[in-house]
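Visitor: quick one: sequence and predicted model below, then my questions.
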Amino acid sequence: MAISFNMPPSVAFLAGQFTADDIIKKTTRCGDLSGVFHDRAAWQTIPPDTPVYEVEMLSSPQGEGELFVGTTHLQPGRVGDEFYMTRGHFHQRREQGEVYFGLRGSGLLLLQNEARKPWLEKVFPGSVHVIPGFTAHRLINTGSDVLSALAVWPSTAGHDYAALERGFALRVLDREGKIFAKEVQNG
Ligand code: PAN
Ligand code: ZN
């Protein structure tokens, strides 16, 4: 039998870009993030078509035991005094975790359990983040370059955004050039 040496997809670790036959891309723009940033007036001054983050994903089989692989590229920027961030979510299948790997840029991973207890991990090239089940997660770009992070998660996890309608219990703000994390009651 002739054994072939198959070429798998690849990722350029410094930039997080995939090379593969089939890549799915989704851009989230400022206008899509209504209610996410605390300063609504500042959010309204930004053109709604301004890209905030792009997710590129390998096209993978879906089903129990299958895995998704995707990179998030989060632009640097702020809405008022708040750094650009992803919407953030729990997984619909709450018990399912995820692993993030920092590839470029610098930022924070905001995590929060179901009792609204938040914590932060620094994201940098080479950082590894094991996100447990039952834990909401959001990337925040506190640097001046694009923040890229590679993620691997179960294809059956699903995204539950509605459970965070009150927002996360921490906001990460730029206070005169310093990164400041502020605890909040209601998003
Ligand atoms: C990531 C996120 C990605 C975008 O792939 O989906 O960073 O963030 P939002 O989904 O919160 O907009 C992931 O955590 N997948 O499960
Ligand atoms: Zn996730």
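Guide: Noted; the coordinates are in hand. Ligands and ions are numbered 1, 2, ... in the order given.

Visitor: flag every residue of the chain that's near ligand 1.
Guide: Residues of the chain lying close to ligand 1 (Cβ under 6 Å from any ligand atom) are 28, 55, 70, 72, 86-89, 98, 137, 139, 151, 153, 157, 159. Bear in mind the C-beta positions are built from the backbone N, C-alpha and C, glycine included.

Visitor: can you give me the helices in the chain?
Guide: Taking DSSP state H as the test, the helices found in the chain are 40-44.

Visitor: buried subset of the residues of the chain next to ligand 1?
Guide: 28, 55, 70, 72, 86-89, 98, 137, 139, 151, 153, 157 (16 or more other Cβ atoms under 10 Å).

Visitor: dump those residues to TSV, plus pLDDT and distance to A12.
Guide: Listed next are those as TSV, based on pLDDT from 0 to 100; distance: Cβ to Cβ, whole Å:
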residue	pLDDT	distance to A12
T28	98	22
V55	98	16
G70	97	15
T72	98	15
T86	98	21
R87	98	26
G88	98	26
H89	98	26
E98	98	21
H137	98	24
L139	98	19
A151	98	16
W153	98	21
A157	98	26
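
Visitor: could I get those residues as a markdown table with distance to E121?
Guide: As requested, those are exported to a markdown table (distance: Cβ to Cβ, whole Å):
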| residue | distance to E121 |
| --- | --- |
| T28 | 22 |
| V55 | 20 |
| G70 | 19 |
| T72 | 15 |
| T86 | 14 |
| R87 | 18 |
| G88 | 14 |
| H89 | 17 |
| E98 | 13 |
| H137 | 10 |
| L139 | 10 |
| A151 | 14 |
| W153 | 17 |
| A157 | 19 |
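
Visitor: near the nearest residue to R175 once chain neighbours are set aside, how many other residues are there?
Guide: Computed as Cβ to Cβ, 6 or more residues apart in numbering, the closest residue to R175 that is not its neighbour in sequence is D81, at 7.0 Å. By other Cβ atoms under 10 Å, 17 other residues sit near D81.

Visitor: pLDDT wise, what is D81 at?
Guide: D81 carries a pLDDT score of 98 in this model.

Visitor: same question for E165.
Guide: pLDDT, read off for E165, is 87.
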